[in-house]
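> structure of the sequence below:
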Amino acid sequence: MPEPLADALARLRTALLDSDTLARAVGSGRRRGQRPSWRRVELRYVDLKSGRHLQQTVYDDTQAHTTNAAAGPEAERMIDALLAEPFGAWHVTSVDATLQLRVTKRGEAQMSRSSPGAGVAATPDRAHDRTKRRLIDPAAPWLSAVGISDRFGTVKPTRQAKLRQVEEFCRLLASAVDDALAGGHLRTPTPDDPLRVVDLGCGNAYLTFAAHHWLTDVRGLPATVTGVDVRPAARDRNAALADRIGADGLRFVVSSIDGFPVDRPPDVVLALHACDTATDDALARALRWESPLVLAAPCCHHDLQTQLRGRAAPEPYAMLTRHGILRERLADTLTDALRASLVRMRGYRVDVVEFVASAHTPRNTLLRAVRTGAPPPAEIRREYDDLVGAWQVTPRLAELVGAVDPEKAG
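All right, here's what the predicted structure looks like:
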């Protein structure tokens with residue numbers, strides 16, 4: 001039941017001030033008609049030489065900023081300042097309970113309390129990390145199984161870049177899942193009704209294994225993860241590895257993206273480096289399912305490259321397509337911009353972010369989409385029409401979603 005926002009924030013404040021039991025808190029989203037100073041904030045208590053401090057990490061559009069406040073009046077002032085920000089949701093995890101607060105369109109609070117997840121320790125980790133925290137333990141058995149580390153848990157020199165890719169993906173997945181849970185866009189899973197995750201076009205499944213490991217072993221969420229690929233050899237290899245390490249809830253099937261059968265639509269859809277228009281197939285399937293959270297890292301973009309090669313560029317942009325390498329880069333940017341617009345037009349909030357530094361891979365863009373159900377602003381459709389009209393291109397995703405019947409899912 002809704003309650004006055006001030007009352008809910010007071011209860012939240014009490015939980016945030018408890019330096020003995022608070023494990024982690026996340027503020028994200030925004031209230032209707034308002035915008036907080038930061039996109040997201042994370043709170044945890046750390047033990048320094050000078051005593052216990054509240055560590056605050058705030059995220060703007062490009063980077064994170066961390067500050068510490070001594071437990072007591074200084075931490076209280078930090079918490080009061082954050083609670084005064086118009087965040088749309090808070091997710092607070094303590095050793096004895098999980099609190100979720102969501103601000104409604106009317107400015108009231110929807111507050112829920114549940115048991116902490118299985119991944120919450122009885123005594124929170126108070127270590128102060130001066131280096132970047134690792135979400136993935138290099139000694140995790142699945143890393144050895146897929147060939148990133150050896151049997152002693154040491155990362156192979158030739159696989160360092162792959163481990164960085166895995167870690168950056170897990171950081172993006174962690175942020176997306178936590179924000180969607182805190183904002184009420186993603187349901188809270190239970191052992192009887194776990195989170196349903198599907199990786200469409202999983203290939204060698206490095207990131208499928210990573211998603212399963214982070215969700216279940218690190219985050220402690222009840223979850224099932226299914227990797228889908230058209231190649232029987234990929235299914236057989238990946239299934240054997242999952243069986244070898246005892247990865248419960250992780251399975252692999254042979255299917256096309258469009259032909260993959262489901263009893264219930266998945267909560268999270270992944271499409272990670274699916275080649276060319278396979279990314280469009282995955283996005284179209286996710287839109288048909290109306291899945292709450294979608295993460296897509298596109299690979300090559302041959303479709304629009306071919307279209308641009310066969311027609312004149314609009315004035316005064318001819319020089320952007322005159323040289324092959326520039327035309328290729330333009331097609332990459334144009335494809336993903338149009339994909340993002342098409343997904344927005346179907347009730348999603350979309351961010352296009354860097355997946356992993358370009359020094360490690362040139363395919364480093366990730367589309368992160370959260371279903372809000374809100375109608376898109378009229379200018380989104382107008383901008384999309386102007387862009388495809390100017391360049392005279394037809395995105396594959398537009399063809400696919402144009403044939404989707406919104407009354408059907410599956």
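> which residues does the closest residue to A278 other than its chain neighbours contact?
Using Cβ to Cβ, 6 or more residues apart in numbering and skipping the chain neighbours, the partner closest in space to A278 is G201 (5.1 Å). From N, CA and C alone the C-beta is placed, and that goes for glycine too. By Cβ atoms under 8 Å, 6 or more residues apart in numbering, G201 lies in contact with V228, D229, I257, A271, L272, H273, A274, C275, A278, D281, A282.
> just give me the neighbour total for G147.
14 (other Cβ atoms under 10 Å).
> give me the element it is part of.
Counting by DSSP states H and E, no helix or strand carries G147.
> report pLDDT for it.
At G147, the model reports a pLDDT of 91.
> so it touches V155, yeah?
No: counting by Cβ atoms under 8 Å, G147 stays clear of V155, with 10.6 Å between them.
> so what does the residue lying closest to L215 once chain neighbours are set aside have for phi and psi?
Once flanking residues are discounted, L215 sits nearest to A223: 4.3 Å by Cβ to Cβ, 6+ apart. Note on A223: backbone dihedrals following degrees, to the nearest 10 are phi -150, psi 150.
> against L295, how distant is A223?
From A223 over to L295 the distance is 14 Å, taken as Cβ to Cβ, to the nearest Å.
> now swap in L221 and tell me
On the measure of Cβ to Cβ, L221 and L295 end up 16 Å apart.
> so those two - more neighbours on which side?
Between L221 and L295, counted using other Cβ under 10 Å, L295 has the larger neighbour count: 24 against 20.
> could you report the pLDDT at that one?
Confidence score, pLDDT, at L295: 96.
> what strand or helix carries it?
Per DSSP H and E: strand 293-297 holds L295.
> next structured bit after that strand?
Note on strand 293-297: by DSSP H and E, the next helix or strand toward the C-terminus is helix 302-309.
> distance from the chain centre to that next one, please.
Distance of helix 302-309 from its chain centroid, counting by Cα atoms, centre = their mean, to the nearest Å, is 29 Å.
> tell me the buried residues in that helix?
By neighbour count on 16 or more other Cβ atoms under 10 Å, the buried set for helix 302-309 is D303, L304, Q305, Q307, L308.
> residues contacting the third one?
Shown in contact with Q305 (Cβ under 8 Å, 6+ apart): R327, E328, A331.
> so which of these belong to helices?
Cross-referencing those against helices under DSSP state H gives R327, E328, A331.
> separation between the second one and L304?
As judged by Cβ to Cβ, E328 and L304 stand 10 Å apart.
> helix or strand for L400, which one?
helix 396-402.
> what is that helix packed up against?
The contact analysis (3 or more Cβ pairs under 8 Å, 6 or more residues apart in numbering; DSSP states H and E) places helix 396-402 against helix 278-289, helix 324-344.
> change it to 10 Å
Here helix 396-402 touches helix 278-289, helix 302-309, helix 324-344, going by 3 or more Cβ pairs under 10 Å, 6 or more residues apart in numbering; DSSP states H and E.
> can you map out the helices along the stretch 151-300 of the chain?
Assigned by DSSP state H, counting those that start in this stretch, the helices in the stretch 151-300 of the chain fall at 160-182, 206-212, 232-245, 278-289.
> could I get those as CSV with distance to A378?
Below are these laid out as CSV (distance: least, Cβ to Cβ, whole Å):
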stretch, distance to A378
helix 160-182, 26
helix 206-212, 36
helix 232-245, 43
helix 278-289, 20
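> next, the buried residues of stretch 140-151.
A140, P141, W142, L143, S144, A145, V146, I148, S149.
> in space, what's closest to the last one - neighbours in sequence excluded?
Closest residue to S149 in three dimensions, ignoring its sequence neighbours and counting by Cβ to Cβ, 6+ apart: L143, at 4.4 Å.
> distance of the one you found relative to I136?
Distance of L143 to I136, given as Cβ to Cβ: 7 Å.
> ok, I136 to A210 distance?
Using Cβ to Cβ, I136 is found at 7 Å from A210.
> between the two, which contacts overlap?
W142, L143, I148, L163, V166, E167, F169, C170, V218 (Cβ atoms under 10 Å, 6 or more residues apart in numbering).
> pretty sure the first one belongs to a helix, no?
Yes: note on W142: a helix contains this position according to DSSP: H, G, I helix; E, B strand; the rest coil.
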